[in-house]
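> what's the 3D shape of this:
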Amino acid sequence: MPLRVTVFGGTGFLGRRVVRHLHDAGLVARVACRHPDAVPSLFSRVVSGIEAVHANVNDDGSVARALAGAWAAVNTVSLYVERGKDTFHAVHVEAAKRIAVLARQAGAETLVHISGIGANAGSASPYIRSRGEGEAAVLDALPSAKLVRPAVMFGPGDAFLTPLLAMLRRLPIFPMFGSGATRLQPVYVEDVAEAVVRILRAPAASQLYELAGPRVYTYQELLRAIAASAGTKPFLVPFPFSLWHLIGYVSEVLPNPPITRNQVELMEQDNVPEPGALGFEALQTSPRGAHDISPGNTTATRQ
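Sure thing, here's the model as predicted:
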């Protein structure tokens, strides 16, 4: 009988890729989300072998039901803008711990918890701090859990490179985050999803993986590479982080904010793995790069 893996946030940007890679690996993917009725339309070509269950990560009962009979679990749930009771601490710490506790009680053999490069429980940023606190809460509840910290992810429909490409096409003058010196190592979302499945299938290899692409860019270099792929050459202008914070604060009142304060805070620090951190090489695979982005579509080629 195929092994069942519950994926919390399985309809999200990373989560739905994890579901597909689980399916391709011959595992049964159980998509745990608030709107399970939407699942068939997301996975119309591979419905067989994919289950959908209702789950609210803030509710013990629904999380427990989603984990019943699961061999393993993956938590891809994340929050980028706080709304009412949906705070960074509630989602990244309390809900993450709830999933870990209930996964242990359900007898799941392992849990892969998705965090992010730069997660730090001592950070002054509420978003970055909650990521670090969430990791600690998960390991306290389930010491055998595996932590995955992706770099900024790209792929069709991403919230980073795709909007940048659209803006670089439209704007002859482009304001950068600060001087554009922040270092980034973008990672292809499909490679992260594949890595998650590899970790599940060989869970003893390591407890922490930092997954990044093959090339480090400064933010300015990345902007120029994206613009060149689109056949444009905008004038890049340094823009102070203090003003970006103000823009993020104001834009968060919008239903779909174009920029948030946590995104600004993330851009104030390098988004690259720690020296010596295990990554794709430990999983016997190699990541694809963001340098071959084609105009109109965020793609990647394997190096």
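> quick one: stretch 188-202 to chain centroid distance?
Offset of stretch 188-202 from its chain centre (C-alpha atoms, centre = their mean, to the nearest Å): 12 Å.
> Which positions within it qualify as buried?
Across stretch 188-202, burial judged by 16 or more other C-beta atoms under 10 Å covers 188-200. Yep, even glycine has a C-beta here, placed from its N, CA and C like the rest.
> just curious, which of these is nearest to residue 139?
residue 199 (15.0 Å; C-beta to C-beta).
> in what helix or strand does the closest one lie?
Assigned by DSSP states H and E, residue 199 falls within helix 189-201.
> same check, this time on residue 11
Per DSSP H and E, there is no helix or strand for residue 11.
> Find the nearest non-adjacent residue to it, please.
residue 33 (4.9 Å; C-beta to C-beta, 6 or more residues apart in numbering).
> what about that neighbour, neighbour count?
The local packing of residue 33 (other C-beta atoms under 10 Å) involves 25 other residues.
> can you pull the contacts of it?
Counting by C-beta atoms under 8 Å, 6 or more residues apart in numbering, residue 33 touches 8, 9, 10, 11, 39, 52, 54, 55.
> Most neighbours out of the residues you listed, which is it?
Counting neighbours by other C-beta under 10 Å, the top entry in the contacts of residue 33 is residue 10, with 33 neighbours.
> Report pLDDT for it.
Note on residue 10: pLDDT of 94.
> Residue 279 against residue 209, yeah?
Yes: Residue 279 lies in contact with residue 209 (C-beta atoms under 8 Å); the separation is 6.0 Å.
> of the buried residues of stretch 188-202, closest to residue 220?
Nearest to residue 220, judged by C-beta to C-beta, of the buried residues of stretch 188-202 is residue 188 at 21.5 Å.
> Write down the beta-bridge partners of the residue lying closest to residue 10 once chain neighbours are set aside, one by one.
Sequence neighbours aside, residue 31 is the residue nearest to residue 10 in space, at 3.5 Å (criterion: C-beta to C-beta, 6+ apart). Counting by DSSP bridges, residue 31 is bridged to residue 7, residue 52.
> Provide a list of residues in contact with residue 31.
Listed by C-beta under 8 Å, 6+ apart, the contact partners of residue 31 are 7, 10, 11, 15, 19, 39, 43, 50, 51, 52, 53.
> One more: residue 54?
Residue 54 touches 32, 33, 34, 36, 62, 66, counting by C-beta under 8 Å, 6+ apart.
> can you rerun that using 6 Å?
Applying C-beta atoms under 6 Å, 6 or more residues apart in numbering to residue 54 gives the contacts residue 36.
> so what pLDDT did it get?
pLDDT at residue 54 comes out at 94.
> again with residue 106
As predicted, residue 106 sits at a pLDDT of 97.
> go on, residue 230?
85.
> Could you tell me how many residues sit around it?
Residue 230: 17 neighbours (other C-beta under 10 Å).
> How about the one 4 residues further on?
The number of residues packed around residue 234, counting by other C-beta under 10 Å, is 17.
> One more: the one 10 residues further on?
For residue 244, the neighbour count with other C-beta under 10 Å is 21.
> hang on, it is in a strand, isn't it?
No: under DSSP: H, G, I helix; E, B strand; the rest coil, residue 244 falls outside any strand and is assigned helix.
> So it is in contact with residue 264, correct?
Yes: at 4.5 Å, residue 244 and residue 264 qualify as touching, with contact defined as C-beta atoms under 6 Å.
> hang on, the earlier thing: quick one: which of the contacts of residue 31 is nearest residue 217?
Nearest to residue 217, judged by C-beta to C-beta, of the contacts of residue 31 is residue 15 at 26.3 Å.
> ok, now which ones touch the closest one?
Contacts of residue 15 by C-beta under 6 Å, 6+ apart are 7, 9, 76.
> again with residue 248
Neighbour list for residue 248: 259, 260, 261, 264 [criterion: C-beta under 6 Å, 6+ apart].
> Just want the phi and psi numbers for the residue nearest to it when sequence neighbours are not counted.
Nearest residue to residue 248 in three dimensions, chain neighbours excluded: residue 261, at 4.0 Å (C-beta to C-beta, 6+ apart). Backbone torsions for residue 261, taken as degrees, to the nearest 10, come to phi -60, psi -40.
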